[in-house]
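# sequence? don't have it. structure:
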C-alpha cells in the first residue's frame, strides 16, 4: 500500500532534499509552499513502482530554470497542476503517477500538489538522486532518443504579462531547450510536466526509492537538530553512508552566471597543499586535490554544509566561511540510466572545462 503524505512529511522532504540538492536545487520555502498546499487540499500518496501496472503512464514533474533573486520569477502551485492537466489532455490518457527529475530543496515535492488535486500518485522514483545542471541528466535515458515526447510548461510573472502556457512535441533533445527559453521568458522559473513513459520503462531506468531516501534523511536531520550542529552532520553522514571529504575555510570563489542560465566556476577550500577545488555548474560536480587528483565526480553526491549542518547552495557559500563537504559515492546510491548515458556529458564537460565522463562511467584509460 502507498503512504499518505501529511504535514509531518513536508519538512523532512525539504531538509533531506536540500542535502541531495548538491549545492543547487531551488528554494526551500518554495518546497514548503508546495508541500503544505498539497497536504491541506488533499491526500498526496507516495507509492512504489511495484504498485503500478507495466502499461501505466508516468510523467516527470519538474521546475525549469535557475531562479536568481534578481529575476522576476513567479511560480504558483496551480502552475504545477495545470502543467500536468495539459500533458494529460495532449496524451489523451490519464497519468497514473508523477516522478521528479531530481531531489532538491523544492523538487523533491514537485509531484505532491498534482497528486492531491488530480489524483496522480507520487512515485517513489527520481531521474537522479541528486540535483544536476541539465535536464538530460535526469531524463532517464530519453536525452538521445528520437522518440516523440510531450512536454508542457506553465507559469510566469503575472504582473509583467510573462505568464506562459506551452505544449511541445518532439525528440527530448530538441524540445528541452524550448522549455528553458520559456522559463527565461516567464521570469526565470517555470513549472513543467514532461516525457510520459510506461511504468515498465521507468522501473528499468529511474533511480527507485529516491523520494524515500530524502524523507529518511530529513527525519534523521530533524531528530539530530535537538542536539547540535555536529550531531546533524554526523546524522547526515550516517544516514547517507557518505563521509566528510573536505573541511576548512573557503579561500576563493570564482563562479559566474552565463548567458545559458548556468552558474559555472570553482570554489576553493583551504590553502597550499591542503587546498581542494570544488567544480560548479549550478551544482557541485567534482572535487580535485591541490595536486589535481580527482576525489569525487558526479553522479556522486557532493554537498557543502555549514557548522550547523545546514546545506549551503553555491550562491550562499562565501570566502571566509568554515564549511564541511559531504561526499556520497555513486556506488552506494541508486543510479538512473541517464547518469550512465555517455551522451549527457560532453555539453557539461565543455561548459566546465573539466573531464567528468571518464570518472562517472569508470572508463579506463
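In hand now; what should we look at? Remember, it's a predicted structure, so these values are computed and weren't measured experimentally.

# Three-state assignment for residue 260, please.
Here residue 260 takes the coil state, with states given by DSSP: H, G, I helix; E, B strand; the rest coil.

# dump the residue contacts of it.
Applying Cβ atoms under 8 Å, 6 or more residues apart in numbering to residue 260 gives the contacts residue 351. C-beta coordinates here come from the backbone N, C-alpha and C atoms, glycine included.

# can you list the low-confidence ranges for the stretch 1-150 of the chain?
Along the stretch 1-150 of the chain, segments meeting pLDDT under 70 span 25, 66-70.

# just the strands from it, written as ranges.
In the stretch 1-150 of the chain, the segments counted as strands under DSSP state E, counting those that start in this stretch are 3-4, 45-47, 57-65, 97-100, 121-126, 148-155.

# the stretch 201-350 of the chain now?
Ranges of strands within the stretch 201-350 of the chain are 207-208, 243-257, 263-269, 276-281, 283-289, 294-297, 301-305, 311-312, 322-328, based on DSSP E, counting those that start in this stretch.

# dump the strands of the stretch 1-150 of the chain to TSV, plus distance to residue 90 and mean neighbour count.
Written out in TSV, the entries for the strands of the stretch 1-150 of the chain read as follows (distance: least, Cβ to Cβ, whole Å; neighbours: other Cβ atoms under 10 Å):
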stretch	distance to residue 90	mean neighbour count
strand 3-4	29	14
strand 45-47	24	20
strand 57-65	11	27
strand 97-100	15	28
strand 121-126	20	28
strand 148-155	5	24
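
# for those strands, which one sits closest to residue 364?
Between residue 364 and these, the shortest gap by Cβ to Cβ is with strand 121-126, which sits at 29.1 Å.

# and the closest one, what does it pack against?
For strand 121-126, the elements it packs on are strand 45-47, strand 97-100, helix 112-118, strand 207-208, helix 210-225, judged by 3 or more Cβ pairs under 8 Å, 6 or more residues apart in numbering; DSSP states H and E.

# redo the strands of the stretch 1-150 of the chain as JSON lines? Include distance to residue 138.
JSON lines is the format used below for the strands of the stretch 1-150 of the chain (distance: least, Cβ to Cβ, whole Å):
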{"stretch": "strand 3-4", "distance to residue 138": "23"}
{"stretch": "strand 45-47", "distance to residue 138": "19"}
{"stretch": "strand 57-65", "distance to residue 138": "7"}
{"stretch": "strand 97-100", "distance to residue 138": "8"}
{"stretch": "strand 121-126", "distance to residue 138": "7"}
{"stretch": "strand 148-155", "distance to residue 138": "13"}
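
# report the contact partners of residue 14.
In this structure, residue 14 makes contact with 28, 31-32, 35, 105-106, 108-109, 218, judged by Cβ under 8 Å, 6+ apart.

# that one and residue 36: what is the separation?
10 Å (Cβ to Cβ, to the nearest Å).

# do residue 346 as well
Following Cβ to Cβ, the distance that separates residue 346 from residue 36 is 41 Å.

# pick out whichever of the two has more residues nearby.
Neighbour comparison, residue 346 and residue 36: the larger count goes to residue 36, with 17 against 11 (by other Cβ atoms under 10 Å).

# so that one touches residue 10, yeah?
Yes. The criterion here is Cβ atoms under 8 Å, and residue 36 meets it with residue 10 at 5.7 Å.

# related to what we said a few turns ago, closest one of the contacts of residue 14 to residue 157?
Proximity of those to residue 157 was ranked by Cβ to Cβ; the top entry is residue 106 with 17.8 Å.

# ok, the closest one - how many residues close by?
By other Cβ under 10 Å, the residues close to residue 106 number 26.

# so it sits against residue 24, correct?
No. The pair residue 106 and residue 24 fails to qualify as a contact (Cβ under 8 Å) at a distance of 11.1 Å.

# ok, residue 344 touching residue 136?
Yes. A contact is recorded between residue 344 and residue 136 when judged using Cβ under 8 Å, the distance being 4.5 Å.

# common neighbours of these two, please.
The overlap between the contact sets of residue 344 and residue 136 (Cβ under 8 Å, 6+ apart) consists of 143, 338.

# what sits up against stretch 337-344?
Here stretch 337-344 makes contact (Cβ under 8 Å, 6+ apart) with 127-128, 132, 134, 136-144, 204-205, 298-299, 330, 357, 360-361.

# stretch 243-254 now?
Contacts for stretch 243-254 (Cβ under 8 Å, 6+ apart): 233, 237, 265-271, 274-276, 278, 287, 295-296, 302, 317-327.

# ok, of these, which come out buried?
Buried residues within the contacts of stretch 243-254, defined by neighbour count using 16 or more other Cβ atoms under 10 Å: 233, 237, 265-270, 275-276, 278, 287, 295-296, 302, 317, 321, 323-327.

# related to what we said a few turns ago, okay, the helices and strands packed on strand 121-126, which one's buried deepest?
For the helices and strands packed on strand 121-126, average neighbour numbers computed from mean count of other Cβ atoms under 10 Å are highest in strand 97-100, which has a mean of 28.

# returning to what we had before: filter the contacts of stretch 337-344 down to the buried ones and hand me the PyMOL line.
Once 16+ other Cβ under 10 Å is used to decide burial, the buried members of the contacts of stretch 337-344 can be selected in PyMOL as follows:
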select buried, resi 127+128+132+134+136+137+138+139+140+141+142+143+205+298+299+330+357+360
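
# looking at the contacts of stretch 337-344, which are in helices?
Here DSSP state H is the test, and the contacts of stretch 337-344 give 204-205, 357, 360 as lying in helices.

# from the residues you listed, which is closest to residue 150?
Nearest to residue 150 among the ones in helices among the contacts of stretch 337-344, with distances taken as Cβ to Cβ, is residue 205, at 17.8 Å.
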